[in-house]
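Peer 1: Coordinates for the following, if possible.
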Amino acid sequence: MHHHRSFWLWLGRFETTLLARELSRVPLQMPLYICGLARSGSTLLHEIVASHPSVATHRIKDYPMIFTPYWWRRATAKLRPSEPRERPHHDRVMITTESPDALEEMLWMAFFPRCHDPTFSNLMDAGDRHPAFESFYQAHLRKLLLAEAATRYAAKANYHIARLSYLLRLFPDAKFIIPVRAPAGHIASLMRQHQWFSKGQRKHRRALAFMQRSGHFEFGLDRRPMNLGDGKRIQQIVQAWAAGDEVRGLALYWDMTYGYLAHLLATDAQVRAAALVVRFETMCDLPAETLRTVFDHCQLPGAESIIEQYTPAIRRPTYYSSNFTRHDLEVIRKETSATASLWGY
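Peer 2: I've put the predicted structure just below:
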């Protein structure tokens, strides 16, 4: 896609033109965005929210045909879902071609080629104006709603951490779900995934290309931290990773990300009103209560059967251990304790 960006954007606009009459009757209201660092529970929350019959989302089968969502959904409407398989993360999450997927980032990369450049601030706020992107993006969401006969759009979009204020200008009634996880467990999970994906990408180079094209830079051979406006901290993170100091680098990254979010929630009343914080540990320990709060926040009624379906399988992970030394835990404590206390850890 990135080699033929102009063509795909033209084709997406052409689809919009042909559907103009239908799209004019599709309201775009209260889009739902799940935004937190990877391994915070965002995938599970996305899957659960997207299972609501009123919700449309991107799905695994949409890659790479994301720029023409309506035509592609019509073309694939009669295809059977693939057999369930464990996703590449090896975290016991089973997926099919119909499973929700975080593909929206491909749209942002088409318009903002530096949005994953760690040397460049990725922040977008309410003062930013990007008419060409905004027109394309809003039409894209309407086409997805039309294709799924849905009334609400949902996305797992972790990089939207840097764009929350901007999104609220586009959609003043948007709802945000912000998952957060205790630093030690979160860092252990990120380390495990980075090691696993790096190993797999060395063996299968196409896996690296897929991650890059689909907008996933959370782990693997092309891991890139989000630049949230603190260039000095980004340098520290990148240097720690380059030196093999994974624990310190990830601790710094966790602290930077959730420190930024804590400050944003404290200072931006609009973002604060739109956001629901979901602690990973609380979701694991009290899944039914947590999911009811999520659906209430999203204003998605009639979700009790969904809650009953997912609740029995939600628990704290037991399929790996961190193996952190005392020194590792002290590093994590030192680098994250002040920010962690803001989130109740």
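
Peer 1: Could you use CA atoms for every contact and neighbour count after this?
Peer 2: OK.

Peer 1: before we move on, what SS does the closest residue to R114 other than its chain neighbours have?
Peer 2: The shortest distance from R114 to any non-neighbouring residue, by CA to CA, 6 or more residues apart in numbering, is to F120 (7.0 Å). Secondary structure, DSSP: H, G, I helix; E, B strand; the rest coil: F120 is coil.

Peer 1: next one: phi and psi at F120?
Peer 2: Main-chain dihedrals, F120, degrees, to the nearest 10: phi -130, psi 130.

Peer 1: isn't it right up against P113?
Peer 2: No: counting by CA atoms under 8 Å, F120 does not reach P113; the two are 10.8 Å apart.

Peer 1: And those two? Which one has more around it.
Peer 2: Comparing F120 with P113 by other CA atoms under 10 Å, the one with more neighbours is F120, at 16 against 10.

Peer 1: so what's that one scoring on pLDDT?
Peer 2: Note for F120: predicted pLDDT of 95.

Peer 1: Ok, R224 next?
Peer 2: 97.

Peer 1: ok, R279 to L144 distance?
Peer 2: 30 Å (CA to CA, to the nearest Å).

Peer 1: contacting residues around the host helix or strand of L141?
Peer 2: Element membership for L141, per DSSP states H and E: helix 131-148. For helix 131-148, the external contacting residues (CA atoms under 8 Å, 6 or more residues apart in numbering) are 12-13, 16, 22-23, 26-28, 55-58, 67-70, 73-74, 107-108, 111, 151-153, 170.

Peer 1: cool, stretch 27-45 as well?
Peer 2: 46, 138, 141-142, 151-161, 171-181, 186, 189-190, 218, 254, 257, 280, 298.

Peer 1: export it as CSV, just CAs?
Peer 2: Output of stretch 27-45 as CSV, limited to C-alpha atoms (Å, rounded to 0.1, in the frame of the first residue of the first chain):
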residue,chain,number,x,y,z
PRO,A,27,-24.8,9.6,11.1
LEU,A,28,-21.4,9.5,12.7
GLN,A,29,-22.0,9.7,16.4
MET,A,30,-20.0,8.8,19.5
PRO,A,31,-17.1,6.9,18.0
LEU,A,32,-15.3,4.7,20.5
TYR,A,33,-11.5,4.6,20.9
ILE,A,34,-9.5,2.2,23.0
CYS,A,35,-6.0,3.8,23.6
GLY,A,36,-3.3,2.6,25.9
LEU,A,37,0.2,1.1,25.6
ALA,A,38,0.2,-2.4,24.0
ARG,A,39,-0.3,-5.3,26.5
SER,A,40,-2.6,-3.2,28.7
GLY,A,41,-5.8,-5.2,27.8
SER,A,42,-6.7,-3.1,24.8
THR,A,43,-7.2,-6.0,22.5
LEU,A,44,-9.6,-7.7,24.8
LEU,A,45,-11.6,-4.5,25.4
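
Peer 1: Give the rounded mean pLDDT of that stretch.
Peer 2: Stretch 27-45 comes out at a mean pLDDT of 95.

Peer 1: and the residue lying closest to Y345 once chain neighbours are set aside, what is it in contact with?
Peer 2: Computed as CA to CA, 6+ apart, the closest residue to Y345 that is not its neighbour in sequence is A182, at 6.4 Å. Neighbouring residues of A182 by CA under 8 Å, 6+ apart: 280-281, 340, 345.

Peer 1: Highest neighbour count among those residues?
Peer 2: F280 (23 neighbours).

Peer 1: so that residue touches I178, yeah?
Peer 2: No: the criterion here is CA under 8 Å, and F280 misses it with I178 at 10.1 Å.

Peer 1: Can you say which of the contacts of helix 131-148 are buried?
Peer 2: Among those, those scoring as buried are 12-13, 16, 23, 26, 28, 55-58, 67-70, 73, 107-108, 111, 151-153 (criterion: 16 or more other CA atoms under 10 Å).

Peer 1: which ones are touching L9?
Peer 2: F67.

Peer 1: name the element it belongs to?
Peer 2: Going by DSSP H and E, L9 is part of helix 5-18.

Peer 1: quick one: that helix to chain centroid distance?
Peer 2: 25 Å (CA atoms, centre = their mean, to the nearest Å).

Peer 1: Would you mind putting the CA coordinates of the next helix-or-strand element following that helix into CSV?
Peer 2: The helix or strand immediately downstream of helix 5-18 is helix 20-23, counting by DSSP H and E. In CSV, the C-alpha atoms belonging to helix 20-23 read as follows (Å, rounded to 0.1, in the frame of the first residue of the first chain):
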residue,chain,number,x,y,z
ALA,A,20,-22.4,9.9,-1.6
ARG,A,21,-26.2,9.6,-1.4
GLU,A,22,-26.1,6.6,1.0
LEU,A,23,-23.4,8.1,3.2
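
Peer 1: out of R279 and L144, which sits in the more crowded spot?
Peer 2: L144 (25 against 19).

Peer 1: how close does the more buried one sit to E15?
Peer 2: For L144, the distance to E15 - CA to CA - is 12 Å.

Peer 1: Give the buried residues for the helix holding L141.
Peer 2: Those buried within helix 131-148 under the rule 16+ other CA under 10 Å are 136-137, 139-148.

Peer 1: and the angle from whichever helix or strand comes after it to helix 131-148?
Peer 2: Counting by DSSP H and E, the next helix or strand C-terminal to helix 131-148 is strand 152-156. Taking axes from the mean of the first three to the mean of the last three CA atoms, to 10 degrees, one finds that strand 152-156 is oriented at 110 degrees with respect to helix 131-148.
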